[in-house]
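# Dropping the sequence and predicted coords here.
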Amino acid sequence: MNWRLIKDKLIQRSFGVLLAISLIVIVVILVGLGFKSLPLLRAESLGTILTESVWSPLNGSFGFLPFIMGTIWVTFISLIIAAPLCILASVYLVEYASEALRRMVLPLVNMLAAIPPVLYGVWGVLFVVPFLSDYIAPIVGAQTTGYTVFAGGIVLAVMIFPIMVSIMVEVLQTIPYELKAASLSLGATKWETIVKVILVKAKPGLIAAVVLGISRAFGETIAVLMVCGNIPQIPKSFFDAGYPLPALIANNFGEMMSIPLYDSALMFAALLLFVLIFGFNLISRLILNRLEGKS
């Protein structure tokens, strides 16, 4: 009996240690990036770094605004493409599709998550970029090579589609059948039941799925690097080239030792990306808590 209690205590403390290690790793990453960013922060003020739009390391100019805006543009475009499609696809699979179709489609969707990002990037270069430059841009009267934040958003939307659909399907499957039956018995149509009952009840879970998808989109590197154009400018439309933060880090890490403050600037870029993702997840968590409290 005593041995069982001792083993229980050991397991409990082991889990506590593992949790502490996970938190310590996050803190160590944050402190390490902050320490490496100090030379740049000593040379220029934080406000200047974040609001300056000129990126010229050879001249000592390290303006991060184009990279911040490039990251936001690509992530926003991927969100407005992926979120509605994922919600509609999930509703169809749960509420309309037959069991046989659902069992066939869901594994195929999950397989998309296993495709290496570089293959999505190649698909973007070979198909998305020419499609935008040859067909979509002329319709709106834009001149572009196709290497734009729009191309990056489309590629990212396809990349985050599997994880969002998988989570949304699981969320919708947890809605009690009695809730649906009560709505239908009161005379509501199936679509009215979906919109006014199922989606309302599933809202916190659906938002959580979107948050997870966006968190992945924030940090995606290779695929975005291949299709965004990588020009340090602030995008003013969907058909402008952009330069997200992950692409900046991946593109320039090899040459950072030859220019003063370059290594510190890239470490600051990594720190900025970390803070953006952490802040976004924190705000999303607060919103989810409020929604769950109301439901």
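Received, thanks.
# Going by C-alpha atoms from here, please, whenever you check contacts or count neighbours.
OK.
# roughly how far apart are the residue nearest to residue 261 when sequence neighbours are not counted and residue 270?
Take residue 261 and drop its neighbours on the chain: the residue closest to it by CA to CA, 6 or more residues apart in numbering is residue 40, 6.0 Å away. Computed as CA to CA, to the nearest Å, the residue 40 to residue 270 distance reads 13 Å.
# Next: residue 244.
11 Å.
# Over to residue 97?
Counting by CA to CA - residue 97 and residue 270 are separated by 43 Å.
# These two: who's more crowded?
For residue 97 versus residue 270, the count of surrounding residues by other CA atoms under 10 Å is larger for residue 270: 21 against 15.
# List the contacts of that one.
33, 245-246, 249 (CA atoms under 8 Å, 6 or more residues apart in numbering).
# Which one (most neighbours) among those?
residue 245 (27 neighbours).
# That residue reaches residue 71, doesn't it?
Yes. Residue 245 is within contact range of residue 71, at 6.1 Å (criterion: CA atoms under 8 Å).
# among the contacts of residue 270, which are in helices?
In this view, the contacts of residue 270 that belong to helices under DSSP state H are 33, 245-246, 249.
# Report the buried residues of the strand or helix carrying residue 267.
Using DSSP states H and E, the element containing residue 267 is helix 262-294. For helix 262-294, a neighbour-count test (16 or more other CA atoms under 10 Å) marks 262-274, 276-277, 281, 284-285, 288 as buried.
# got it, and stretch 116-128?
Of the residues in stretch 116-128, those buried (16+ other CA under 10 Å) are 117, 120-125, 128.
# Can you report how many residues neighbour residue 35?
15.
# for the record, mean pLDDT for the host helix or strand of it?
For residue 35, the element it lies in under DSSP H and E is helix 2-43. The average pLDDT within helix 2-43 is 87.
# Counting by contacts, list what it packs against.
Applying 3 or more CA pairs under 8 Å, 6 or more residues apart in numbering; DSSP states H and E, one finds that helix 2-43 contacts helix 262-294.
# what angle separates the helix it packs on from helix 2-43?
130 degrees (axes from the mean of the first three to the mean of the last three CA atoms, to 10 degrees).
# So what's the gap between helix 262-294 and the chain middle?
Its chain's average C-alpha position is 11 Å from that of helix 262-294, according to CA atoms, centre = their mean, to the nearest Å.
# does the nearest residue to residue 131 once chain neighbours are set aside sit in a helix, a strand or a coil?
Distances taken as CA to CA, 6+ apart place residue 146 nearest to residue 131, at 7.6 Å, with adjacent residues excluded. When classified by DSSP: H, G, I helix; E, B strand; the rest coil, residue 146 comes out as coil.
# how much space between residue 146 and residue 157?
17 Å.
# same thing with residue 164?
10 Å.
# Return the backbone torsion pair for residue 235.
phi -60, psi 140 (degrees, to the nearest 10).
# and it, how many neighbours?
What residue 235 shows, counting by other CA under 10 Å, is a neighbour count of 20.
# give the contact list for it.
Residue 235 touches 66, 69-70, 73, 149, 241-242, counting by CA under 8 Å, 6+ apart.
# what residue ranges in the stretch 1-150 of the chain score low on pLDDT?
Along the stretch 1-150 of the chain, the model assigns pLDDT under 70 to residues 1.
# Show me the domain layout of the protein.
3-43, 65-294 (automatic domain parsing).
# Now distance to residue 58 too, for those, in JSON lines please.
Output for the domains of the chain, formatted as JSON lines (distance: least, CA to CA, whole Å):
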{"stretch": "domain 3-43", "distance to residue 58": "14"}
{"stretch": "domain 65-294", "distance to residue 58": "7"}
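# most tightly surrounded among these?
Ranked by mean neighbour count, the domains of the chain are led by domain 65-294 with a mean of 18 (mean count of other CA atoms under 10 Å).
# Past the helix or strand harbouring residue 84, which element shows up next along the chain?
Element membership of residue 84 [criterion: DSSP H and E] is helix 65-91. Using DSSP H and E, the next helix or strand after helix 65-91 towards the C-terminus is helix 99-112.
# Which residues does the helix or strand just after that next one contact?
Scanning forward in sequence from helix 99-112 by DSSP H and E, the next helix or strand is helix 117-123. With contacts defined as CA under 8 Å, 6+ apart, helix 117-123 is touched by 155, 159, 222-227.
# I appreciate the help and will end here.
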